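> no FASTA, just this:
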């Protein structure tokens, strides 16, 4: 499933991560290309085996595969039904 994500978009995580549970709301920061070395503040790191998105949530930064993100776009409020005048 390919979404047209862009930085600043909001999304929900669809799988539990190391810190964030599934259905956590995140904001996309930027794309991390495959093969990029990602290093955490702790100094631990990894090489991205696939394209990832850097996201923020709860004051932290995390990396998620696009397949595990569900976009939150558009107006989720139900639309009001139009009222019509009924002839008497």
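Perfect, thanks for sending it. Just so it is clear, the structure is predicted and the values come from calculations on it, not from any experiment.

> CA only for contacts and neighbour counts going forward, please
Will do.

> Rounded mean pLDDT for the lengthiest strand in the chain, please.
In terms of residue count, the longest strand belonging to the chain (DSSP state E) is strand 25-32. Mean pLDDT, computed over strand 25-32, is 96.

> can you check stretch 61-76 too?
84.

> Can you get me the start-to-end distance on stretch 39-46?
7 Å (Cα to Cα, to the nearest Å).

> mean confidence score for it?
Per-residue scores along stretch 39-46 average to 87.

> Other residues contacting the longest strand of the chain?
6-13, 48, 51-57 (Cα atoms under 8 Å, 6 or more residues apart in numbering).

> What are the buried residues along that strand?
By neighbour count on 16 or more other Cα atoms under 10 Å, the buried set for strand 25-32 is 25-32.

> Same list, these, but as JSON lines with distance to residue 87 please.
Formatted as JSON lines, the buried residues of strand 25-32 follow (distance: Cα to Cα, whole Å):
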{"residue": "25", "distance to residue 87": "48"}
{"residue": "26", "distance to residue 87": "50"}
{"residue": "27", "distance to residue 87": "50"}
{"residue": "28", "distance to residue 87": "52"}
{"residue": "29", "distance to residue 87": "55"}
{"residue": "30", "distance to residue 87": "56"}
{"residue": "31", "distance to residue 87": "57"}
{"residue": "32", "distance to residue 87": "61"}
